[in-house]
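Trainee: Predicted coordinates and the sequence they were generated for:
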Amino acid sequence: MYITDNHMHIDPIRGVGIEAVKEFSSAGGTHFMLVYKTAYDSATGIKTGKDFGKAYDYIIDLSNKINKETNAKSYPIIGLHPAEFHHLIMDFGEEKAFEMALEALSEIENRISEGLAFGIGEVGRPHYDVDKFITDLSNNFLIEVLKLSKKIKCPVQLHTETFDGSKFLELGELVRKYGNPSKVIKHFSPPMVTICEKIGIYPSIIAREKNILKALEEGKRFLMETDYIDDNERPGAVVGPKTVPKTTKKLLEKGILSKEDIDYIHRYLIEEIYGIEII
Ligand SMILES: [Zn+2]
């Protein structure tokens with residue numbers, strides 16, 4: 001049985017690193033998306049805005065190490081976190097920050113085209129209140145990301161402010177106009193399966209049992225994630241690394257999910273969206 005966590009951060013310096021992956025795999029987790037955080041808080045010691053390529057290579061190397069040293073298989077996802085973009089705008093001004101963001105995007109494109117990374121993420125808009133010009137510039141960058149995703153057929157993990165139905169519809173329009181909906185994943189999504197299906201994107205839902213039960217009322221077309229943050233200063237900021245396998249197995253025992261459902265959520269959808277083979 002395959003169990004995939006669609007969004008985890010692993011940070012060997014600020015958190016427990018590979019130990020968290022071992023916990024995930026001891027609970028039954030088999031695959032996960034290893035999502036880049038930011039250059040300034042990753043363990044790279046690289047200054048933000050200076051050399052994104054090095055920060056991305058750090059995550060790619062970490063992924064290789066995980067795949068060698070644990071039973072789980074990780075896939076690096078690299079992006080420009082909206083909070084990091086916000087910092088760049090404050091430090092360097094709108095024009096220079098946008099230039100830096102495009103440079104980062106070209107580093108991302110190179111690595112995905114070479115098969116070293118498997119998607120762009122997390123990108124989007126800050127989840128906290130910001131001035132309108134920050135949101136506008138973030139949207140402009142998102143448009144560039146969506147265009148690239150369409151061009152090179154790679155998935156995008158979106159980080160945004162809190163979402164509701166009307167936000168989804170607004171996002172749907174943007175995605176249809178510039179990108180390919182079937183390559184767009186709303187990370188940290190509310191359990192709104194129907195509306196995502198309607199606009200063609202995929203929700204990735206924090207795997208708390210209550211959340212997943214809510215999602216299942218609408219359907220099975222969704223991914224599960226923890227957004228595990230791996231930062232000792234913020235223990236349990238979201239949920240722990242065992243949550244996706246634990247919840248999945250619990251729902252199987254209760255007869256709420258069948259083995260076929262699990263295969264659909266954790267393997268089939270992942271293969272379809274990411275263009276990878278889960279084995
Ligand atoms: Zn995250």
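Mentor: Great, that's in hand. None of these values were measured; they are calculated from a predicted model.
Trainee: where are the low-confidence patches of the stretch 51-200 of the chain?
Mentor: The model of the stretch 51-200 of the chain has no residue with pLDDT under 70.
Trainee: All the helices of it, in order from the start?
Mentor: 52-69, 82-92, 94-113, 132-152, 165-178, 193-199 (DSSP state H, counting those that start in this stretch).
Trainee: in the shortest one, what counts as buried?
Mentor: This points to helix 193-199. Of all the residues in helix 193-199, those buried under the rule 16 or more other C-beta atoms under 10 Å are V193, I195, C196, I199. Glycine gets a C-beta too; all of them are placed from N, C-alpha and C.
Trainee: Same check on the longest one?
Mentor: Under the neighbour-count criterion of 16+ other C-beta under 10 Å, helix 132-152 has I134, T135, L137, S138, F141, L142, V145, L146, L148, S149, K150 buried.
Trainee: between those residues, which is nearest K73?
Mentor: Among those, S149 lies closest to K73 (C-beta to C-beta), at 22.7 Å.
Trainee: quick one on the thing from earlier: between the buried residues of helix 132-152, which is nearest R111?
Mentor: Using C-beta to C-beta, the buried residues of helix 132-152 come closest to R111 at L148, 12.2 Å.
Trainee: From V145, how far out is the closest residue to C154 other than its chain neighbours?
Mentor: Nearest residue to C154 in three dimensions, chain neighbours excluded: I112, at 5.1 Å (C-beta to C-beta, 6 or more residues apart in numbering). I112 is 12 Å from V145, where distance means C-beta to C-beta, to the nearest Å.
Trainee: any residues in contact with both of those two?
Mentor: Common contacts of I112 and V145, defined by C-beta atoms under 8 Å, 6 or more residues apart in numbering, comprise I120.
Trainee: And the residue nearest to C154, how far from I278?
Mentor: Going from I112 to I278 by C-beta to C-beta gives 19 Å.
Trainee: quick one: the strands in the stretch 151-279 of the chain?
Mentor: With DSSP state E, counting those that start in this stretch, the ranges of strands along the stretch 151-279 of the chain come out as 156-159, 184-186, 202-206, 223-225.
Trainee: K242: which of the buried residues of helix 193-199 is nearest?
Mentor: The closest of the buried residues of helix 193-199, once distances to K242 are taken by C-beta to C-beta, is V193, at 23.8 Å.
Trainee: and the closest one, what does it touch?
Mentor: V193 neighbours (C-beta under 8 Å, 6+ apart): P203, A215, E218, G219, K220, R221, F222.
Trainee: Ok, N180 next?
Mentor: L146, S149, K150, K153.
Trainee: Help me confirm that the second one comes into contact with V184.
Mentor: This means S149. Yes. Between S149 and V184 there is a contact at 7.3 Å, judged by C-beta atoms under 8 Å.
Trainee: overlap in contacts of those two?
Mentor: Contacts common to S149 and V184, judged by C-beta under 8 Å, 6+ apart, are P155, V156.
Trainee: returning to what we had before: dump the helices of the stretch 51-200 of the chain into TSV; add distance to E272 as well.
Mentor: As requested, the helices of the stretch 51-200 of the chain are exported to TSV (distance: least, C-beta to C-beta, whole Å):
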stretch	distance to E272
helix 52-69	21
helix 82-92	26
helix 94-113	17
helix 132-152	15
helix 165-178	17
helix 193-199	14
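Trainee: Of all those, which one comes closest to L269?
Mentor: helix 193-199 (11.7 Å).
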